[in-house]
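Asks: When you get a sec, could you give me coordinates for this:
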Amino acid sequence: MASKSLIQSVKGTREFYPEEMAQRNYIYEKVRQASQTFGYQEWDAPFLETIELYAAKSGEELVKEQSFVFPDRGGDLITLRPELTPSLARMIAQKQGELAFPVRWWSFGPFWRYERPQRGRSREFFQWNVDMLGVNSPEADAELIGVAATFLKLTGLTPQLATIYVNNRRLMDAQFDALGILPEKRMDVSGAVDRRTKMDAVKWDEYVLEMGLSQSQLDGLKQVLADYDLWQKSDELVRLFKALEALGVKDYVKFDPNIMRGLLYYTGTVFEAFDVSGSVRRAILGGGRYDNLLRDVGGDPLSGVGFAMGDVVIGIILKEKGLIPAFVPTPAPVLVTIFDEALWMESYSLAAELRAAGLKVTSYPEPAKLPKQFKFADRMGARAIIVIGPDEAAAGKVTVKNLSNGTQETVARAEVEKVVRKILESAGW
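Replies: You can find the predicted model right below:
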C-alpha cells in the first residue's frame, strides 16, 4: 500500500523547530534590550486590517501586489498586515489627545507579504518596529539611528561588519530642483535610485531615460549620487551627525546619497543598515521621518520617525558570522530519572521540590532502563541527573551525576538542591 505524502506548509512560511525558535527569541531579546535602553514602550496592533488603511500612503505595489487580501463574510477587503506604521498612525490618532508626547513605542510581531520567496525574503516574517512621534528634529532622528546601532552592537555586529547609511529627502529634493526634475517624476526617480545597485549600469541609464529625464539630467543625477560630501549642504544632516557623535554611535553611520527609501511617506531623514562584510545584500533595517502620515489617517498633523527590521536577513547574517549563541536543547538542565514504577511518585515529588526551590527540572515521563534515560539527558543537554533507586530511597538519599565531568555522589535528600546548584554554577548555568 502506498504511503501517504505529508501535507506541506504554505509556500513562503517558516517552521520554527526549537533551534530556530531559540534564534528568533535571541533576536527578540536583543530587540527588547535595545528598545528599552532608550525608554521605548512595547505595543502591538491587529494582525488583520482593512486594505484601505494601506491604500492611502503605502504605495500601489504594496497594496495590489504584495498584500494577502481576502473578503470577509461581510464583503469587506481584509489583509494580513504587511507593515505596521499605518496601524501605528491610526492608533495614535485615536488617542492623540490622551497620550503623553513624545511617544516612544516599539513592537516585534508577525507580518505577511505576497512576494517571491528567496534567500533573505519570505512571505511570513517577524519584524521589529521602533517609532518616536511628537518631535520634529534631526536629534530625534539620531536617537532612532542610535537605537538601531545599539542593537547591532548588542548582537556583536561591529561597524566593520554592519553600517547604517543615511540620506535626507529634503536634501535630495533640492538636488532634483537644481536638475529641473519635475515633482511628478520624483517618486519614479527615487524608486530608480533604490534599484540602482541591483541593475546593470547601462540598463539603469536606459531605465531612467525612459522615465522622461534628459541626458543632461541623468548625468547630473549620477554626479549627485556620487557626491559623498553632499550632506554638508544639509543643516539637518550636519545636526544629525553631531547628535550621533554625542550618542556614541557615529562609527556605525555614513552618508550615502543613494539611500532613498521608496515608500511614499518619508519626508526628511532616511536610513538603511547593511551587512558590509558578508554575502547578504539586502538591507538589515530601514526607516526615516514621515511627518505627514498621521494626518492621512484622520489625525492632526504630527511629526514621526521610525524604522523596521525583519528577522530573516538579520538571522542569516548573525548565523553566518557565528553570533547566534550555541543551541541548548532543553531549558531544564536537571533530569530526575524514574527508576521503577514503585518509585515513580517519589521521583516526581523530588522534581517538584526542586522546582519550588527555583530550579528548572524535567522528569523522565515513565520508568525505563537507566542507560536509556542517561542517553536522553545527554542528548537534551542536561547538566545533572538525579537517581532515586531502592537503596537511596531506603536511606533517605539520592544519587546526583554531574554530566560535565562524569562524576557522581550520593547525598542526603536535604542536600540535593545545594549539590545540584554547585554543578550548574560550574557548568555556567
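Asks: Which parts of the stretch 201-350 of the chain are strands?
Replies: 253-255, 269-275, 285-289, 304-310, 334-336 (DSSP state E, counting those that start in this stretch).
Asks: distance between the fourth one and the chain's centre?
Replies: Shown here is strand 304-310, whose average C-alpha point lies 11 Å from the average C-alpha point of the whole chain (CA atoms, centre = their mean, to the nearest Å).
Asks: hmm, back to that, so which of the strands of the stretch 201-350 of the chain is nearest residue 208?
Replies: Nearest of those to residue 208, taken as CB to CB: strand 269-275 at 19.7 Å. In this view, the C-beta of every residue, glycine as well, is placed from N, C-alpha and C.
Asks: got the CA positions of the closest one in CSV?
Replies: Extracted C-alpha coordinates of strand 269-275, given in CSV (Å, rounded to 0.1, in the frame of the first residue of the first chain):
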residue,chain,number,x,y,z
THR,A,269,16.0,61.8,7.1
VAL,A,270,16.0,58.2,5.7
PHE,A,271,18.4,55.4,6.6
GLU,A,272,19.2,51.8,6.0
ALA,A,273,21.6,49.3,7.6
PHE,A,274,23.6,46.8,5.6
ASP,A,275,26.0,43.9,6.2
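Asks: what's the weakest-modelled helix or strand in this protein?
Replies: Lowest on mean pLDDT, DSSP states H and E among the helices and strands of the chain sits helix 60-61, with a mean of 61.
Asks: Describe which strands the helix or strand just after that one pairs with in its sheet and in which direction.
Replies: Heading C-terminal from helix 60-61, the first helix or strand you meet, by DSSP states H and E, is strand 68-71. Each strand paired with strand 68-71, and its direction, by DSSP bridges: strand 77-80 (antiparallel).
Asks: Quick check: which helices or strands does the helix or strand just after the strand it pairs with pack against?
Replies: Next along the chain after strand 77-80, taking DSSP H and E as the criterion, comes helix 85-94. Helices and strands touching helix 85-94, by 3 or more CB pairs under 8 Å, 6 or more residues apart in numbering; DSSP states H and E, are helix 52-55, strand 124-133, helix 293-296, strand 304-310.
Asks: State which helix of this structure is the longest.
Replies: Across the chain, the longest stretch assigned as helix under DSSP state H is helix 18-37.
Asks: follow-up on the earlier one: using a markdown table, lay out the helices and strands packed on helix 85-94 together with distance to residue 257.
Replies: Converted to a markdown table, these look like this (distance: least, CB to CB, whole Å):
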| stretch | distance to residue 257 |
| --- | --- |
| helix 52-55 | 29 |
| strand 124-133 | 24 |
| helix 293-296 | 24 |
| strand 304-310 | 19 |
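Asks: Helices of the stretch 101-250 of the chain, start to end?
Replies: In the stretch 101-250 of the chain, the helices defined using DSSP state H, counting those that start in this stretch lie at 138-154, 169-179, 186-195, 201-210, 215-225, 235-247.
Asks: could you give me the average pLDDT of the third one?
Replies: Taken as a whole, helix 186-195 has a mean pLDDT of 88.
Asks: what angle separates it from helix 201-210?
Replies: When axes from the mean of the first three to the mean of the last three CA atoms, to 10 degrees is applied, the directions of helix 186-195 and helix 201-210 differ by 180 degrees.
Asks: Just the C-alphas of helix 186-195, formatted as PDB.
Replies: The C-alpha atoms that make up helix 186-195 are tabulated as PDB, following Å, rounded to 0.1, in the frame of the first residue of the first chain:
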ATOM      1  CA  ARG A 186      10.400  62.300  -8.400                       C
ATOM      2  CA  MET A 187       8.700  59.200  -6.900                       C
ATOM      3  CA  ASP A 188       9.700  57.200 -10.000                       C
ATOM      4  CA  VAL A 189      13.300  58.600  -9.900                       C
ATOM      5  CA  SER A 190      13.500  57.800  -6.200                       C
ATOM      6  CA  GLY A 191      12.500  54.200  -6.900                       C
ATOM      7  CA  ALA A 192      15.100  54.000  -9.700                       C
ATOM      8  CA  VAL A 193      17.800  55.200  -7.300                       C
ATOM      9  CA  ASP A 194      16.700  52.500  -4.900                       C
ATOM     10  CA  ARG A 195      17.100  49.900  -7.600                       C
END
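Asks: Okay, angle between that helix and strand 269-275 too, please.
Replies: Going by the same axes, to 10 degrees, helix 186-195 makes 20 degrees with strand 269-275.
Asks: ditto for the second one
Replies: In this structure, helix 169-179 runs at an angle of 110 degrees to strand 269-275, with the same axes, to 10 degrees as the basis.
Asks: hang on, residue 419 in a strand?
Replies: No: secondary structure of residue 419 (DSSP: H, G, I helix; E, B strand; the rest coil): helix, not part of a strand.
Asks: what about it, how many residues close to it?
Replies: Neighbour count of residue 419, defined by other CB atoms under 10 Å: 17.
Asks: One more: residue 72?
Replies: 10.
Asks: Give me the pLDDT value at it.
Replies: Taking residue 72 on its own, its pLDDT is 92.
Asks: Name all residues that make contact with the closest residue to it other than its chain neighbours.
Replies: What sits nearest to residue 72 in space, not counting adjacent residues and going by CB to CB, 6 or more residues apart in numbering, is residue 78, at 5.0 Å. Shown in contact with residue 78 (CB atoms under 8 Å, 6 or more residues apart in numbering): 48, 49, 50, 51, 69, 70, 71, 72.
Asks: Could you do residue 315 as well?
Replies: Applying CB under 8 Å, 6+ apart, the residues near residue 315 are 23, 24, 27, 324.
Asks: ok so, going back, can I get the strands of the stretch 201-350 of the chain in a markdown table including mean neighbour count and distance to residue 394?
Replies: Shown next, in a markdown table, are the strands of the stretch 201-350 of the chain (neighbours: other CB atoms under 10 Å; distance: least, CB to CB, whole Å):
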| stretch | mean neighbour count | distance to residue 394 |
| --- | --- | --- |
| strand 253-255 | 21 | 69 |
| strand 269-275 | 25 | 62 |
| strand 285-289 | 26 | 62 |
| strand 304-310 | 23 | 59 |
| strand 334-336 | 26 | 18 |
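Asks: The residue lying closest to residue 287 once chain neighbours are set aside pairs with what?
Replies: Excluding the flanking residues, the one nearest residue 287 by CB to CB, 6+ apart is residue 307, at 2.6 Å. Note on residue 307: beta-bridge partners residue 130, residue 287, judged by DSSP bridges.
Asks: Settle this for me: residue 307 is touching residue 289, isn't it.
Replies: No: in this structure, residue 307 is not within contact of residue 289 by CB atoms under 8 Å, at 10.4 Å.
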